[in-house]
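# what would the 3D arrangement of this be:
(one chain, ligands or ions: 1)
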Amino acid sequence: MATSDDSSTAIGALMAAEVDEQPAVWAEILDNGMSEIAAIAAAIEARQPRFVMLVARGTSDHAALYAKYLVEMLLGLPAGLASPSSVTVYGTRPDLRDVLLVGISQSGGSTDLVTTMAVGRAQGALTLAITNSPGSALDAAAELNLSLHAGTERAVAATKSYTAQLLTLYLLLDRMRGGDGAEARELPALGGEVLGAGLRVRDLAARYRFAQRLVVTGRGLSYPTAREAALKLMETSYVAAQAFSGADLLHGPMAMVDAQIPVLIVLSEGAGGRALAPVVPRLHEAGADVMCVGTSQAVAAATVGIALPAGVPELLSPLVEIIPFQQLALHIAVARGVDPDAPRGLQKVTRTV
Ligand code: F6R
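Residues are numbered from 1 along each chain as shown. Here you go, the predicted structure:
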């Protein structure tokens, strides 16, 4: 395997194994998850929601952001991310009739998500919990449940549960627009190809080993990838990584970019990548070291990078483009002598109110 060390006791062994496991998880969802997904799609269609609200935290919130783009693009419905604090801290009780409220969580255990789901259901929303923990509190609070088929995630840093969330959300929304998930069939093979570049990512980790600050940027469907890449780097390698949409970067924060702050960009095939391309020369003008994960053309225009296989459908690119960043976070942590399986300040189930 490309990411894993030979020894199962090496530091980061749990995270490495779960990064490598992702294509098998996707195959499992495609082989055995489709009928459950079709049943949930039919139950949602029967209620004809007019708005989709997504509620999640951390990595799962990045999957929610991906789903927000998909709802808008595939279903033509408005979608937004909920603010759990408005329910749990400020006690609001919004009118949620005609709303589909989707809670996304690996553990299904965070109190604020469970409360938001229960309140949403009482306020008239159709509620759906998507978790990797069947029977969790979030499942119990929701009317509909969908499981992730990712297998137990033992590493503290979420990796395989994240891409399982992305694929499940894609397949659900694709089904709701009348699709059969055919575009996703090649994903396990493509994921395997991306994992094969793991040694090259390990070399790049040596380059960024001493970085104290990083900027990560992507546009459109790749913006959730940029956010998730930054989170993985912060929690495992303790590097201050800040993510921006390529559009937002130009609205001011560009001023902080210089030769001291490497910029990681996600530039895949499709409209989002084309919209980000004009940012790259601006980064070079600012003297930044630019690492790109994306098309071979974009990698050639950057300082260094990892080229993704050609022909990945843009809607599914977030699944494959996150892999090199997961590997980078793992390898930078290991190069710094930090165990990414035991990050300071993070537990597997995060409980917030
Ligand atoms: C990131 C991570 C956290 C969790 C977040 C949500 O690697 O582990 O950011 O993603 O605490 O947890 P769940 O998905 O269990 O609700």
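# check contacts around the residue of the stretch 1-150 of the chain found nearest the ligand.
With CB to the nearest ligand atom as the measure, Gly58 is the residue of the stretch 1-150 of the chain nearest to the ligand, at 2.1 Å. Backbone N, C-alpha and C define where each C-beta goes, glycine included. Neighbouring residues of Gly58 by CB atoms under 8 Å, 6 or more residues apart in numbering: Ala158, Leu231, Thr350.
# Ala10 - how many residues pack around it?
14 (other CB atoms under 10 Å).
# for it, helix, strand, or coil?
Following DSSP: H, G, I helix; E, B strand; the rest coil, Ala10 is assigned to coil.
# what residues are up against it?
Ala10 touches Ala16, counting by CB under 8 Å, 6+ apart.
# about what we covered before: pLDDT check: weakest of the contacts of Gly58?
Lowest in pLDDT among the contacts of Gly58 is Thr350, which has 75.
# ok, that one touching Thr59?
No: with contact defined as CB atoms under 8 Å, Thr350 does not reach Thr59; the gap is 10.1 Å.
# neighbour-wise, which of these two wins?
Per other CB under 10 Å, whichever of Thr350 and Thr59 has more neighbours is Thr59, with 24 against 18.
# the residue nearest to the more buried one when sequence neighbours are not counted and the ligand, how far apart?
For Thr59, ignoring the flanking residues on the chain, the nearest one in space by CB to CB, 6 or more residues apart in numbering is Ala158 at 4.2 Å. Distance, Ala158 to the ligand, by CB to the nearest ligand atom, to the nearest Å: 4 Å.
# secondary structure element for Ala158?
For Ala158, there is no helix or strand it lies in under DSSP states H and E.
# share the number of residues neighbouring it, please.
Neighbours of Ala158 (other CB under 10 Å): 29.
# follow-up on the earlier one: mind checking how far the residue of the stretch 1-150 of the chain closest to the ligand is from Leu113?
Between Gly58 and Leu113 the computed distance is 11 Å (CB to CB, to the nearest Å).
# ok, now Glu21?
Where Leu113 is concerned, Glu21 sits at a distance of 25 Å (CB to CB).
# ok, now Val334?
32 Å.
# higher neighbour count, the two?
Using other CB under 10 Å, the more surrounded residue of Val334 and Leu113 is Leu113, with 30 against 22.
# and the closest residue to the ligand within the stretch 201-350 of the chain, which helix or strand is it part of?
Among all residues of the stretch 201-350 of the chain, Thr350 sits closest to the ligand, at 3.3 Å; criterion: CB to the nearest ligand atom. Assigned by DSSP H and E, Thr350 falls within no helix or strand.
# can you give me the buried ones in stretch 101-112?
Leu101, Val102, Gly103, Ile104, Ser105, Gln106, Ser107, Gly108, Gly109, Ser110, Asp112 (16 or more other CB atoms under 10 Å).
# which among those residues are in contact with the ligand?
Contacts with the ligand within the buried residues of stretch 101-112, counted by CB under 6 Å from any ligand atom: Ser105, Gln106, Ser107, Ser110.
# mind checking pLDDT for the last one?
Among the per-residue scores, Ser110 shows a pLDDT of 93.
# quick check: it touching Ala141?
No: the pair Ser110 and Ala141 does not pass the contact test of CB under 8 Å, sitting 11.4 Å apart.
# what does the stretch 51-200 of the chain put close to the ligand?
So far as CB under 6 Å from any ligand atom goes, the stretch 51-200 of the chain lies against the ligand at Arg57, Gly58, Thr59, Ser60, Ser105, Gln106, Ser107, Ser110, Ala157, Ala158.
# distance of the fifth one from Asp248?
In this case it means Ser105. Separation of Ser105 from Asp248 (CB to CB): 27 Å.
# do the first one as well
Shown here: Arg57 relative to Asp248, a distance of 21 Å by CB to CB.
# name the nearest of the buried residues of stretch 101-112 relative to Ser85.
Asp112 (7.3 Å; CB to CB).
# how many residues are close by Val266?
By other CB under 10 Å, neighbour count at Val266 equals 32.
# now it, what's its secondary structure?
strand.
# for it, name its beta-bridge partners.
Per DSSP bridges, the residues bridged to Val266 are Val293.
# that one contacts Gly294, doesn't it?
Yes: counting by CB under 8 Å, Val266 does reach Gly294; the two are 6.1 Å apart.
# so what sits against both of these two?
Common neighbours of Val266 and Gly294, using CB under 8 Å, 6+ apart, are Glu321.
# mind listing the strands for the protein?
51-55, 79-81, 99-105, 126-131, 144-147, 213-218, 240-245, 263-267, 290-294, 304-307 (DSSP state E).
# can you redo these as CSV with mean pLDDT?
Putting the strands of the chain into CSV (pLDDT from 0 to 100) gives the following:
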stretch, mean pLDDT
strand 51-55, 98
strand 79-81, 98
strand 99-105, 98
strand 126-131, 98
strand 144-147, 98
strand 213-218, 97
strand 240-245, 97
strand 263-267, 98
strand 290-294, 97
strand 304-307, 97
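# redo these as a markdown table? Include distance to Met256.
Output for the strands of the chain, formatted as a markdown table (distance: least, CB to CB, whole Å):
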| stretch | distance to Met256 |
| --- | --- |
| strand 51-55 | 30 |
| strand 79-81 | 26 |
| strand 99-105 | 32 |
| strand 126-131 | 36 |
| strand 144-147 | 41 |
| strand 213-218 | 8 |
| strand 240-245 | 9 |
| strand 263-267 | 10 |
| strand 290-294 | 15 |
| strand 304-307 | 21 |
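# among those strands, which comes closest to Arg202?
The nearest among the strands of the chain, by CB to CB, is strand 304-307 at 11.2 Å.
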